[in-house]
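In: From the sequence below, what's the structure:
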Amino acid sequence: MELSTSENQSAVLLARLNRIPVWALPKSFLVVIGLGYFFTFYDISNIGFAMPAINEQFHLSNSTSLFLALSVGLIGYIIGSFVIGTLSDRFGRYKMLILTFALTALGSFGDALAPDITTLIVFRFITGVGVGADLNLVSTYISEIAPTSRRGRLTLITFLIGILGQTVTPFVALALVPNYEIGWRLLFAIGGFIAVAGLILRVQLPESPRWQVHHGKLNAAEKTISQMEENCKERNIELPAPNLNRIEVKTGVPIRFLLQPQYLRRLALLILMWFLWYIGNYGFLGDAADLISAHGASISNSISYLAIGAIGYPIGTLLVLKIVDRIERKTLIFFTTVIWLIGMLLVASYANTAVLYLGAFAASLALGSYLQVAYTYTAEVFPTQARATGFALSDGLGHAGGALGAILLPVIIDQTSFSAGFVFIGITGLCAGILALFGPKTTGIDLEKVSS
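Out: As a prediction, this is how the structure comes out:
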């Protein structure tokens, strides 16, 4: 069938974009994008370290505080990821990327100033809305702009910047929470300042040209793609001729795409994968400090185990950086969950101090390896018109597993044993990796071809 003029122009623009072999925007933009990840992982970690002090000052039981402060944040995460993610499919990535950091800044400063648990609940919800949406949009945005052959590597570079947030948070918490009455408030306030800095820097980012093409904003997309091509010429990078045979422009309402059998199967698979992964992810990050402390260690020592172990986050990301575009991503996801299981078995043994450090390190290594590979994979398997919505439903509904895990892990330990609880979340993580193996291949394939 012969293409119309606008369809032909769209195909040409996408072909021009797909032929660019390098990151053709300013390299500083990778740092700006990475700040979104930095805040996300800082916020995911800080609540767990703040909870012992919050419990003491607000006179709360562990189960009540975890449900009201941690799980409420996750509910906000799910809602934010879906609502703002879906809006980004309709109105663009750029506007929503600005909105998400405004919400996270507001929520973080509100957390820091909360006079009681009710106020903390409200602002943890707001923070969760911003964080959930931002994680969605950052993964979507970078996947749509990064070159096909380096999509995994570039997303991991931005993630490496972000995972430092999860690496430094335990050390910041260790310095503040046990030593100052307002230490936990300062922990949240630091997150607010990070969000404000990110908000200011994000103003310079361009809209995703891939999103613009699929929404008929061809002149705007032409401007960004031409600039990217010009940057390549300035770097003496010779671009091949556009390959129009590899392009298919799709239009339509996001939900209608996702209801098609092909995408519905992918959606169900990814929701369950993320659900199982987040059970252990949030159980470990949110509960481990409290649970290890309750098992006999001091608050300082329990945080120390996780702080030293957190060195594994950037190491895990660096380990997969060289191979993420060489090994099929779903296979890589599976191997990282095997490492996760090993880490949880070591923590479960509670054999001695060295084993606890090693277990926390292995868990962090797995998290640093798994997360961005899985985020990239999730964004890749859906078409541009429904990418953020598909990611939102997969990761957002998957976070219900995080809410469940944060509540369930202490219950399992209370009803059975410390070891049984951590073995359980090790197994749920491995099951997530097994499920990933049933997904489509994406490594080294143009986004339009993955979604065809």
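In: For stretch 347-355, list every residue counted as buried.
Out: 347-348, 350 (16 or more other CB atoms under 10 Å). Where you see a C-beta, it was placed from the backbone N, CA and C, and this is true even at glycine.
In: typo on my end, it should be stretch 333-343
Out: Applying a neighbour-count criterion of 16+ other CB under 10 Å, one finds 333-337, 339-343 buried in stretch 333-343.
In: For residue 87, which residues are in contact?
Out: residue 96 (CB atoms under 8 Å, 6 or more residues apart in numbering).
In: Retrieve the pLDDT associated with it.
Out: The pLDDT attached to residue 87 in the predicted structure is 94.
In: Would you mind measuring from it to residue 398?
Out: In this structure, residue 87 and residue 398 are 20 Å apart, going by CB to CB, to the nearest Å.
In: ok, now which ones touch the residue nearest the centre of the chain?
Out: Central residue check for the chain by CA atoms, centre = their mean: the C-alpha nearest the mean position is that of residue 135, 4.6 Å away. Taking CB under 8 Å, 6+ apart as the definition of contact, the neighbours of residue 135 are 36-37, 40, 81, 375, 395.
In: So which of these are in helices?
Out: When DSSP state H defines the helices, the subset of these inside them is 36-37, 40, 81, 375.
In: Which among the residues you listed count as buried?
Out: Of the members of the ones in helices among the contacts of residue 135, the ones counted as buried by neighbours, 16+ other CB under 10 Å, are 36-37, 40, 81, 375.
In: and the two most separated of the residues you listed?
Out: Distances among these were taken as CB to CB; the most separated pair is 37 and 81, at 14.5 Å.
In: I'd like the distance from the helix ranked longest in the chain to the chain centre, please.
Out: Longest helix in the chain, counting residues (DSSP H): helix 261-294. Relative to its parent chain, helix 261-294 has a centroid offset of 12 Å by CA atoms, centre = their mean, to the nearest Å.
In: tell me the average confidence for that helix?
Out: Computed over helix 261-294, the mean pLDDT rounds to 82.
In: burial of residue 221, as a residue count?
Out: For residue 221, the number of neighbouring residues by other CB atoms under 10 Å comes to 26.
In: what about the stretch 101-250 of the chain, any weak spots by pLDDT?
Out: Along the stretch 101-250 of the chain, segments meeting pLDDT under 70 span 245-250.
In: Do a quick rundown of the helices in it.
Out: In the stretch 101-250 of the chain, the segments counted as helices under DSSP state H, counting those that start in this stretch are 117-145, 151-176, 183-202, 209-214, 218-234.
In: Mind jotting down where the helices sit in the stretch 251-400 of the chain?
Out: Counting by DSSP H, counting those that start in this stretch, the helices of the stretch 251-400 of the chain are 254-258, 261-294, 299-309, 312-321, 329-349, 353-380, 387-391, 397-398, 400-415.
In: among these, which is nearest residue 159?
Out: Residue 159 lies closest to helix 353-380 among those, at 3.5 Å (CB to CB).
In: avg pLDDT for that closest one?
Out: Rounded mean pLDDT across helix 353-380 is 89.
In: Taking their axis directions, that helix and helix 329-349 sit at what angle?
Out: Angular relation of helix 353-380 and helix 329-349 on a 0 to 180 degree scale: 150 degrees, by axes from the mean of the first three to the mean of the last three CA atoms, to 10 degrees.
In: Tell me the buried residues in helix 353-380?
Out: Neighbour-count burial for helix 353-380 flags 356-380 (criterion: 16+ other CB under 10 Å).
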